[in-house]
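J.: would you be able to build a 3D model of this:
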Amino acid sequence: MDFPKDKQIFEGEIASYWLEDDGILVSVSKNPMRTIANLTENIKLVKQITNNRIPPLLIYLSNSPVPDKATRKFASEQLPNLYKAMAMVSKPGLAKFIMNILFRFKPPPIPMKSFDNDVDAREWLKHYV
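T.: You can find the predicted model right below:
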């Protein structure tokens with residue numbers, strides 16, 4: 001993944017971020033185990049990047065270990081406080097696998113959709129800018 005040269009890149013433990021001119025937040029996922037502690041730090045970073053606004057998120061997923069139940073619950077509870085919608089770009093099957101883990105018993109709290117390319121993902125996210 002090539003990062004843009006004309007945007008400020010924000011580095012966190014679990015992802016790298018930049019904010020597009022159209023208001024879409026872009027995330028390139030890293031692969032450490034997600035924990036409540038590193039998710040809490042990531043939430044602070046996202047709020048700093050967005051000035052506490054709630055943007056749509058375009059996330060490039062990577063393989064990472066499956067977090068424990070408490071961390072999955074925490075992550076799903078925090079999503080509506082951070083993002084309007086989430087477009088996930090990944091290898092076939094990865095996004096569906098993650099969604100099945102996180103939202104096995106109830107639907108996602110924000111609109112989510114998986115894509116195999118970022119062109120279609122960006123087009124879908126335009127409805128949430």
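J.: where along the chain do the helices fall?
T.: 36-50, 69-82, 94-102, 118-125 (DSSP state H).
J.: which one of those helices lies nearest to Ser27?
T.: With CB to CB as the criterion, Ser27 lies closest to helix 36-50 of the helices of the chain, at 8.5 Å. Just so you know, the C-beta spots here come from the backbone N, C-alpha and C atoms, and that holds for glycine as well.
J.: report the distance from the closest one to the chain centre.
T.: 11 Å (CA atoms, centre = their mean, to the nearest Å).
J.: just the angle between it and helix 69-82, please?
T.: Calculated by axes from the mean of the first three to the mean of the last three CA atoms, to 10 degrees, helix 36-50 forms an angle of 10 degrees with helix 69-82.
J.: hmm, back to that, let's have the helices of the chain in CSV, adding mean pLDDT.
T.: Listed next are the helices of the chain as CSV, based on pLDDT from 0 to 100:
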stretch, mean pLDDT
helix 36-50, 98
helix 69-82, 92
helix 94-102, 67
helix 118-125, 96
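J.: Serialize those helices to CSV and add fields for mean neighbour count.
T.: Output for the helices of the chain, formatted as CSV (neighbours: other CB atoms under 10 Å):
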stretch, mean neighbour count
helix 36-50, 15
helix 69-82, 15
helix 94-102, 16
helix 118-125, 17
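J.: so which of these is nearest Ile24?
T.: Of these, the one closest to Ile24 (CB to CB) turns out to be helix 118-125, at 5.5 Å.
J.: any chance you could list what contacts the closest one?
T.: Ile24, Pro56, Leu57, Leu58, Tyr60, Ala85, Ala87, Met88, Val89, Lys113, Phe115 (CB atoms under 8 Å, 6 or more residues apart in numbering).
J.: 6 Å instead?
T.: Ile24, Pro56, Leu58, Ala87, Val89, Lys113, Phe115 (CB atoms under 6 Å, 6 or more residues apart in numbering).
J.: repeat for stretch 32-47
T.: Contacts of stretch 32-47 (CB under 6 Å, 6+ apart): Gly12, Glu13, Ile14, Pro65, Pro67, Thr71, Phe74, Ala75, Leu82.
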